[in-house]
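**Q** Just to be clear, the model below is a prediction. Sequence and coordinates:
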Amino acid sequence: MAFISKDDSNKSGNAGTNVIIIGFGNKYRSDDGIGIRVIEELGKLNLLRDKNIEVIDGGTSGTDLIFLIKDCSKIVIVDAIDAGQKTGDVVSIKVNDIEEFIKKDCRSLSLHDLNLVDIFKLAKALKMIADISIIGVKPKNIGFGDKLSPEIEKKIPEIISLIKKEIGI
Amino acid sequence: MADNLNIEVAPLPRVEGHGDLVLNVKNKKIEKLIFRIPESPRFFEAMLVGRKYDESSHITSRICGICSVAHTCASIKATEKALGIKPSEQTIKLRKLIYHHENIQSNVLHVYFLAVPDFFGVGSVIPLIETYPEVVNIALRTKKMANDIMRIIGGRAVHPIRTVAGGFTKLPTEEEMIRMKEMLKLCYPDLEKSLEVLKTLDIPDFERKTEYISLSDPVDYALYDGNIKSTDGWEIDDQDYLDNISEKVVQYSTAKHCWTGGNVFMVGALARFNNNYKRLTDNAKRYADELGLKAPCHNTFMNNIAQFVEIVHSVDDSIRLIDEILEKGLDEDKAMVDIKPKAGRGVGVVEAPRGLLIHDYTYNDKGKMEKANLIIPTGMNYANMEEDMNALVPTIINKSEDEIKLACEMLIRAYDPCISCSTHFLNVKLVNK
C-alpha cells in the first residue's frame, strides 16, 4: 500500500483553474477516507488530463476550501456524508440545498476542522460565488482503520460517474 | 442561580474534534468535574508497527489536518535520531520555515475564527463578517499566506510530502524564496490592525498557578527543536522525556492524561511564552506588551493572546530564515542525506501549535518499526483543564447557568484543544439537576 501522497505544489486553486474536484477525509478513519480514495482513483484516469480540471486530496483541512471557493467557478467535493440517507447510499447535493438538509435533522457533514456547513455560510456571507456540489456516501464505520468497508468501497464507481456527470465529461 | 447543577456540554462547539465536559454542582460545591474523551490515538501507534522508516511521517501526518507538519516533523526527528541521521543545516532551516507557517495558520484559525467570536458575544465567525469584516478578511489573508508557503516548501498545503527523514525530496527555488518573503512583508499592516482589535477584547480575569512545559533553546523561540523545560525550574534533553512526564489511563476517558512529578501542567502557546519570552523578536515583544501579556502569565484565557504574539514572531523569524537561506544559496547537494536502516530508538519532540508533541520510535535492524509511542499536547492538557475549571467554577457560581456554561466552554477553547488528534467527536451537555 502506498502511503505517499501526490505533490500538489503547483495546485494553488488560483485563477486559471476553473474546475476543482476535491476529496476530504481521513484515510485512517475507515470510511471517512472515501473522499481521499475517490481522489486517488480519479488520479489514475486519463480523461481528466488536459481539461483544466484540478484533482486535490484535501485531507482533513476543510477551512482551506474557502480559498478554492474564492478562486474557482466550479467545485465538486467528495466526502463521507451523513445526510439522513441509508448507510452506503450515495447522495449528490448542491451547496444551496445544505441548509434544507440540516433542517431535516440530518447529521452533520463529515467534520474536519471548521465544518463544511460553516465554510459554506462563511463563503455566502463573504459573497463568494461558486457552483459547488457535494457527492458522498453515508459511512458505515468511521473508527480507526486503513480500509473502507466493502459496501462503501464498491460505491466508488458510482461516485466517479456522478462526478463526471457533474463536470460534464 | 440554582444551588445544584448537572452540566454536560455536547458537542462543545468550535473545538477541533469531539469530547465531553461533565460538571455536577451540589449546594454550590463541585461534586464532579471531568473532561472526557471517548477514544485515543493508540490506533496510529499500532499501525506504525511493522512499517518501514520512510512511511512513518506520511502515516502520522494524517493524524490531524491542523497540525500535520508538527506530526511530520516529530516523526522525522524520531526516525533520524533512531537511525543516526544528521540532516543538513539547510534542511533544518527549511523545516523551521515550514513549521512557522503551520503555527501561523493554526493560530489564525483559533484566534480569529474559534476564540474571538466568544469575546464579541457571537456564536461563530459568521456574524463578524457584518460587524468586523476587516477582521475576517485579515484572518483569511493571513491563513492563505501561511497555506501557500506550506505548499511551496512541503509540496502540499496540508500533509506535507517533500518533508522526509533525511531532508527534502525537492527544494523550493530561489524565486519562490523571494516570493515568500514578499508575501510575509504584506502581513504587517494586517497584524497592526489586528492588534487594535485584540486590544479591545475583555479577557476574563482568571489566575491559577500551574506548571508550564515547553521546548526551549538558547537562541530560538523553540518550536521545531530544543530541550524540554519547565517553569518549575527543570530542563531535560528531549530524549529523556520519560524521566519527567508520565502518562496514565483515567477511568472515564480512553485518552491518557499526563502528569509530571505528580503535578498537572499546561503546554501550548502560553507555556512557550512563559518559558521563552526572551527569545521572541523585539517586534513580537512589543505586541505582547501592548496586549498586556507579561511572562510569567497564569491566566489560561491569555493563551489566545500568546498565540497572536506567536503569529507576529513567526512572520518576523520567517523573513530572517529566508534571508539566511538566500545568503548561503540553496544547495541541491544538501537536500538529502543517505539513510542506512539500523536498529535503534529515537524520540522526536516538537511544539505543535497546541503544545509539546512527542513521537518515540524503536526500529529493528531492517528499519521497520517495532514500537511507537505518541503523546499529543491536548492529552497533556486534559488534567490541567480540569484543574482550571475546578478553580474557575467557584468564582462564577452565582452567575446564570448560561454564563457558567459559556465560561467553561471558553476556558476549554482557550487551550485550543485538538481532540481530532485523539478522537473524532466532542460532546458537551448542560442540564439542570
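**A** All right, it came through fine.
**Q** buried residues in stretch A:87-102?
**A** For stretch A:87-102, a neighbour-count test (16 or more other C-beta atoms under 10 Å in any protein chain shown) marks A:88, A:90, A:91, A:92, A:93, A:95, A:98, A:101 as buried. For glycine as for every other residue, the C-beta is placed from the backbone atoms N, C-alpha and C.
**Q** Looking at pLDDT only, which of these scores worst?
**A** Across the buried residues of stretch A:87-102, the bottom pLDDT score, 60, is held by residue A:101.
**Q** what about the helices in chain A?
**A** Here chain A has its helices, by DSSP state H, at A:34-43, A:65-71, A:98-103, A:116-125, A:150-153, A:156-167.
**Q** and residue B:144, what element?
**A** For residue B:144, the element it lies in under DSSP states H and E is helix B:133-154.
**Q** who does the helix or strand just after that helix touch, helix- and strand-wise?
**A** Downstream of helix B:133-154, the first helix or strand assigned by DSSP H and E is strand B:163-164. Judged by 3 or more C-beta pairs under 8 Å, 6 or more residues apart in numbering or on different chains; DSSP states H and E, the packing partners of strand B:163-164 are helix B:68-83.
**Q** quick one: the helix it packs on to chain centroid distance?
**A** How far helix B:68-83 lies from its chain's middle: 16 Å, per C-alpha atoms, centre = their mean, to the nearest Å.
**Q** before we move on, the earlier item: distance to chain B for the buried residues of stretch A:87-102 - can I get that in CSV?
**A** Shown next, in CSV, are these (distance: C-beta to the nearest C-beta, whole Å):
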residue, distance to chain B
A:88, 20
A:90, 22
A:91, 21
A:92, 24
A:93, 20
A:95, 15
A:98, 14
A:101, 18
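**Q** Could you measure from residue A:66 over to chain B?
**A** Distance of residue A:66 to chain B, given as C-beta to the nearest C-beta, to the nearest Å: 6 Å.
**Q** what residues are up against that residue?
**A** Applying C-beta atoms under 8 Å, 6 or more residues apart in numbering or on different chains to residue A:66 gives the contacts A:119, A:122, A:123, A:126, A:128, B:140.
**Q** need the contact list for the last one.
**A** Put plainly, it is residue B:140. Contacts of residue B:140 (C-beta under 8 Å, 6+ apart): A:66, A:67, A:126.
**Q** do the first one as well
**A** Residues near residue A:119 by C-beta under 8 Å, 6+ apart: A:62, A:63, A:65, A:66, A:69.
**Q** Please enumerate the strands of the stretch 251-400 of chain B.
**A** Counting by DSSP state E, counting those that start in this stretch, the stretch 251-400 of chain B has strands at residues B:253-259, B:265-266, B:344-352, B:355-363, B:369-375.
**Q** Okay, now the unreliable bits of the chain?
**A** All of this is about chain A. A:1-17, A:47-50, A:61-62, A:99-115 (pLDDT under 70).
**Q** hm, I was asking about chain B
**A** Under the criterion pLDDT under 70, the flagged ranges of chain B are B:1-3, B:5-19, B:36-42, B:249-256, B:418-433.
**Q** which secondary structure element contains residue B:107?
**A** Here residue B:107 is assigned to helix B:89-108, by DSSP H and E.
**Q** related to what we said a few turns ago, the helices of chain A: which one's closest to residue B:130?
**A** Nearest to residue B:130 among the helices of chain A is helix A:116-125; the distance by C-beta to C-beta comes to 7.6 Å.
**Q** got the angle between the closest one and helix B:133-154?
**A** If you take axes from the mean of the first three to the mean of the last three C-alpha atoms, to 10 degrees, helix A:116-125 sits at 120 degrees to helix B:133-154.
**Q** roughly how far out does helix A:116-125 sit from the chain middle?
**A** 15 Å.
**Q** residues near residue B:182, how many?
**A** 9 (other C-beta atoms under 10 Å in any protein chain shown).
**Q** And it, which helix or strand is it part of?
**A** According to DSSP H and E, residue B:182 maps onto helix B:174-185.
**Q** Report all helices and strands that that helix contacts.
**A** Partner elements for helix B:174-185 (3+ C-beta pairs under 8 Å, 6+ apart): helix B:133-154, helix B:303-328.
**Q** is it possible to export the ones you listed to CSV including distance to residue B:99?
**A** Conversion of the helices and strands packed on helix B:174-185 to CSV gives the following (distance: least, C-beta to C-beta, whole Å):
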stretch, distance to residue B:99
helix B:133-154, 9
helix B:303-328, 9
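**Q** Out of these, flag the one nearest residue A:154.
**A** For residue A:154, the closest of the helices and strands packed on helix B:174-185 is helix B:133-154, at 33.8 Å, according to C-beta to C-beta.
**Q** Report the inter-axis angle for that closest one versus helix B:174-185.
**A** 160 degrees.
**Q** relative orientation of helix B:133-154 and helix B:303-328 in degrees?
**A** If you take the same axes, to 10 degrees, helix B:133-154 sits at 40 degrees to helix B:303-328.
**Q** quick one: contacts for the nearest residue to residue B:293 once chain neighbours are set aside?
**A** Excluding its sequence neighbours, the residue lying closest to residue B:293 (C-beta to C-beta, 6 or more residues apart in numbering or on different chains) is residue B:305, at 4.9 Å. Counting by C-beta under 8 Å, 6+ apart, residue B:305 touches B:198, B:203, B:288, B:291, B:292, B:293.
**Q** Buried subset of those, written for ChimeraX?
**A** Selection of buried members from the contacts of residue B:305 for ChimeraX, criterion 16+ other C-beta under 10 Å:
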select /B:198,203,288,291,293
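**Q** Please identify which of the contacts of residue B:305 is nearest to residue B:259.
**A** Comparing the contacts of residue B:305 against residue B:259 with C-beta to C-beta places residue B:293 closest, at 27.1 Å.
**Q** for the residue nearest the centre of chain A, what are its contacts?
**A** Closest to where the C-alpha atoms of chain A average out (C-alpha atoms, centre = their mean) is residue A:78, at 2.1 Å. Neighbour list for residue A:78: A:21-24, A:34-35, A:38-39, A:134-136, A:159, A:163 [criterion: C-beta under 8 Å, 6+ apart].
**Q** Mind jotting down where the strands sit in chain A?
**A** Counting by DSSP state E, chain A has strands at residues A:19-23, A:53-57, A:74-80, A:90-94, A:131-137.
**Q** The fourth one pairs with which strands, and in what direction?
**A** It refers to strand A:90-94. Here strand A:90-94 has these sheet partners by DSSP bridges: strand A:131-137 (antiparallel).
**Q** ditto for the first one
**A** Under the criterion DSSP bridges, strand A:19-23 sits next to strand A:53-57 (parallel), strand A:74-80 (parallel) in its sheet.
**Q** Would you agree residue B:229 is in contact with residue B:235?
**A** Yes - Residue B:229 lies in contact with residue B:235 (C-beta atoms under 8 Å); the separation is 4.4 Å.
**Q** Tally up the residues packed near residue B:107, please.
**A** Using other C-beta under 10 Å, residue B:107 has 26 other residues around it.
**Q** and if you look at the one 3 residues further on?
**A** Look at residue B:110: counted by other C-beta under 10 Å, it has 29 neighbours.
**Q** go on, residue B:123?
**A** 10.
**Q** cool, and residue B:72?
**A** 31.
**Q** got a list of what it touches?
**A** B:57, B:60, B:61, B:154, B:159, B:160, B:163.
**Q** With chain A as the reference, measure out to it.
**A** Residue B:72 is 12 Å from chain A, by C-beta to the nearest C-beta.
**Q** Perfect, that will be all.
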